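Chemist: below is the structure, and that's it, no one-letter string:
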């Protein structure tokens, strides 16, 4: 992608948003008197604010970049991440789990685990979740730095540190309250910034009907049935070989719809923290339900751009190509040296070496043409770089949304769209960093390192932890850069942390017999299963290493066919399924052969069968959480049928 030039009005919009976000942190700073105010917002925020923040906390790089990337790579089936992988779990959280979280007065998910089981489970989950939050923050950092690099030609490292500094300032000053109100602002910025992109894109391809016809060409060209890119359920029901995601019904329903979905929405402190900041139990239970309403409609805003981009590639007159993965500076240097040393007679050997040096898949015909042209008359290095980049066949799916913003947004609107992207990435970073400092301060530092200190002491530690969280996130951003689709690495991280944790929660909340030893050993076993599964399996086309299969590589063997998956997403779904199942079975078996350490009286408010049921008869019938949940489920089913 060539860098674009912003007009003064675009810079004005970007600058105004950045200054406004920083001012929120300074404005709220005077209201923060205690560590609870800084880390938990003092449980004082109304339901509509926590509801939007609940959804917006999940609306960072995961949504805008990752879902657009998924839309391009996997098609309309990406909507399963919403209508199967989000809405049912959000309803379950509101109706069944929020009473435990909010009623127990736990300040975090690990603190609830300590109340239900013991310190071992709490400590293990605190560490694993802290790791997850800095990885999630790093993914947002990486996406934002690449956005600024591709669109404005900023140096990647410079962009990474500048955006980190901005987030550090407003979180350091305003804590969780600042993050929540910034997330609400971000929600409206994203809608205003991306609705025009979707509308202009749909108009450009000729409307929905024309887009579907174009997607049918793409599907058949890849060897799938015509509706593989344009239907949600048909290609999945047909089997893993009939859809680009490489998944079957079991992977979608159990792996995504149950394990990853419920594991994320019901146990991820990042989003639960928003509901726990609500002013009372009613507001806390309504928070996920309020968030579910716009969440249900967001595929039109975040998935459709990726699908539109694929449709554009079938229209030669539109002159559009999905963005290729960029060759690194080191790759360019090595590849150019290879070209200069090659001749038309050694072109085949040169192609192999250039592919190895760049670490990318290349079009051999184009590389051969470069070698031939350079042999006839040496080409300038700038031209060699341009031709080599054009020969890359690997797609950088994270860049899809950026290419559409560049294509459709004139001055003014471009600034608004870029501000929406900036808002989503910064909010994703801030949300994860605030979750990290709460987990560290309350669940590790106060619990195990320095208990019984003054409240001011924990307040200062929380602020210091914010700085550490930002630094760790920067390191994780460099790791996230190895993935061309942000959603793939996000789901991998969730599979390691949330999948086994959900099994622990499910048994802990609904089975009195679950013991502390069973929960701890089951959680450890489930997490180790994730690591072992990842070490043994690999997505087709990937090289053993960071993306899996490294046990086989270390032993000098090729990854067996049985351990290969059609896509990284399919690998993630099955990894989560195995981790959940092992944790669930281990916890049950070990609990049956170990003694309970807590009485029924101690478990009141922590286990469903021992907890007095919340009476909501004083509320209007349609406003009761259970009724709202049923209405939302019906609406979700209707959407699934429409896009079947």
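Modeler: Arrived safely. It should be emphasised that the depicted structure is a prediction, and the values quoted were computed from it without experimental measurement.
Chemist: looking at this, residue 513 is in a strand?
Modeler: No - counting by DSSP: H, G, I helix; E, B strand; the rest coil, residue 513 is not found in a strand; it is coil.
Chemist: roughly how far does it sit from residue 603?
Modeler: Using CB to CB, to the nearest Å, we find residue 513 at a distance of 11 Å from residue 603. To be clear about C-beta, it is placed using only N, CA and C from the backbone, and glycine gets the same treatment.
Chemist: for the closest residue to residue 389 other than its chain neighbours, the count of nearby residues, please.
Modeler: Distances taken as CB to CB, 6 or more residues apart in numbering place residue 327 nearest to residue 389, at 5.8 Å, with adjacent residues excluded. Each residue near residue 327 was counted by other CB atoms under 10 Å, and the total is 23.
Chemist: what do you get for residue 7?
Modeler: 12.
Chemist: what of residue 540?
Modeler: Quick note: residue 540 (other CB under 10 Å) scores 14 neighbours.
Chemist: ramachandran angles for it?
Modeler: For residue 540, the backbone dihedrals (degrees, to the nearest 10) come out as phi -60, psi 130.
Chemist: can you pull the buried residues of the helix or strand where residue 419 lies?
Modeler: Assigning secondary structure by DSSP states H and E places residue 419 in helix 413-438. For helix 413-438, the neighbour count (16 or more other CB atoms under 10 Å) marks 413-438 as buried.
Chemist: off-centre distance for that helix?
Modeler: A distance of 13 Å separates the centroid of the chain from that of helix 413-438, by CA atoms, centre = their mean, to the nearest Å.
Chemist: the strands in the stretch 501-644 of the chain, which residues?
Modeler: Per DSSP state E, counting those that start in this stretch, the stretch 501-644 of the chain carries strands over the ranges 538-539, 564-565.
Chemist: so how far is the first one off the chain centroid?
Modeler: So that's strand 538-539. With CA atoms, centre = their mean, you get 19 Å for strand 538-539.
Chemist: what pairs with it, parallel or antiparallel?
Modeler: Strand 538-539 sits in its sheet next to strand 564-565 (parallel), going by DSSP bridges.
Chemist: before we move on, back to that, check contacts around the residue nearest to residue 389.
Modeler: 335, 358, 360, 385, 388-389, 392 (CB atoms under 8 Å, 6 or more residues apart in numbering).
Chemist: can you put these in TSV and add neighbour count, secondary structure and distance to residue 308?
Modeler: Below are the contacts of residue 327 laid out as TSV (neighbours: other CB atoms under 10 Å; DSSP: H, G, I helix; E, B strand; the rest coil; distance: CB to CB, whole Å):
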residue	neighbour count	secondary structure	distance to residue 308
335	27	helix	33
358	23	helix	29
360	21	coil	26
385	16	helix	29
388	23	helix	28
389	16	helix	24
392	20	strand	22
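Chemist: ok, these vs residue 488, which is closest?
Modeler: residue 360 (16.9 Å; CB to CB).
Chemist: you'd agree that closest one is up against residue 325?
Modeler: Yes - look at residue 360 against residue 325 with CB atoms under 8 Å: they come within range, at 5.8 Å.
Chemist: identify the contacts common to these two.
Modeler: With CB under 8 Å, 6+ apart, residue 360 and residue 325 have common neighbours 392, 394.
Chemist: for residue 184, give me the pLDDT.
Modeler: In this model, residue 184 is scored at 66, pLDDT.
Chemist: having no further points to raise, I will conclude here.
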